[in-house]
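Colleague: how would this look folded up:
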Amino acid sequence: MLLFSSLIVSACSSGPPVPQGEISETDLKLIDIDGFPPEVPHELEGRGDCLVCHRDGEIGGVPKTPHPEFTTCRQCHVLTDALN
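Modeller: All right, here's what the predicted structure looks like:
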């Protein structure tokens with residue numbers, strides 16, 4: 001158990017270096033990628049399970065998800081500004 005704990009601690013602390021200083025204009029342009037974060041263009045009330053419609057894309061011509069194994073859609077996808 002001690003070996004397992006030490007492996008986890010060492011794995012968590014060995015991430016990539018965190019950038020220091022100011023972000024350049026070039027870096028900002030790279031960060032601001034069109035279409036990200038991916039937007040949800042409809043209300044979510046009564047539609048809590050995105051995969052009901054988007055798993056196969058057969059209901060009402062909605063787009064089929066390219067990653068049905070990810071079930072927590074709102075972790076990445078956000079409501080469009082018009083719906084907030």
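Colleague: now the protein, which segments are flagged as low pLDDT?
Modeller: 1-19, 28-33, 82-84 (pLDDT under 70).
Colleague: tell me, how many neighbours does F70 end up with?
Modeller: Residue crowding around F70 was assessed by other Cβ atoms under 10 Å; the count is 13. To be clear about C-beta, it is placed using only N, CA and C from the backbone, and glycine gets the same treatment.
Colleague: excluding its backbone neighbours, what's nearest it?
Modeller: Distances taken as Cβ to Cβ, 6 or more residues apart in numbering put C76 closest to F70, at 7.9 Å, once the chain neighbours are dropped.
Colleague: residues contacting that neighbour?
Modeller: With contacts defined as Cβ atoms under 8 Å, 6 or more residues apart in numbering, C76 is in contact with 37-38, 70.
Colleague: any idea how far it lies from G60?
Modeller: For C76, the distance to G60 equals 22 Å [Cβ to Cβ, to the nearest Å].
Colleague: go on, G46?
Modeller: G46 sits 14 Å away from G60, going by Cβ to Cβ.
Colleague: give me the number of residues near C50?
Modeller: Around C50 there are 19 other residues, counting by other Cβ under 10 Å.
Colleague: And the helices in the chain?
Modeller: 2-12, 25-31, 51-54 (DSSP state H).
Colleague: In the last one, which residues are buried?
Modeller: I take that to be helix 51-54. Within helix 51-54, the residues that qualify as buried by neighbour count (16 or more other Cβ atoms under 10 Å) are 53-54.
Colleague: Next, the residues that contact that helix from outside, please.
Modeller: Identification of contacts with helix 51-54 by Cβ under 8 Å, 6+ apart yields 47, 59-60, 62-65, 68, 71, 73.
Colleague: 10 Å - rerun?
Modeller: 42, 47, 59-66, 68, 70-71, 73 (Cβ atoms under 10 Å, 6 or more residues apart in numbering).
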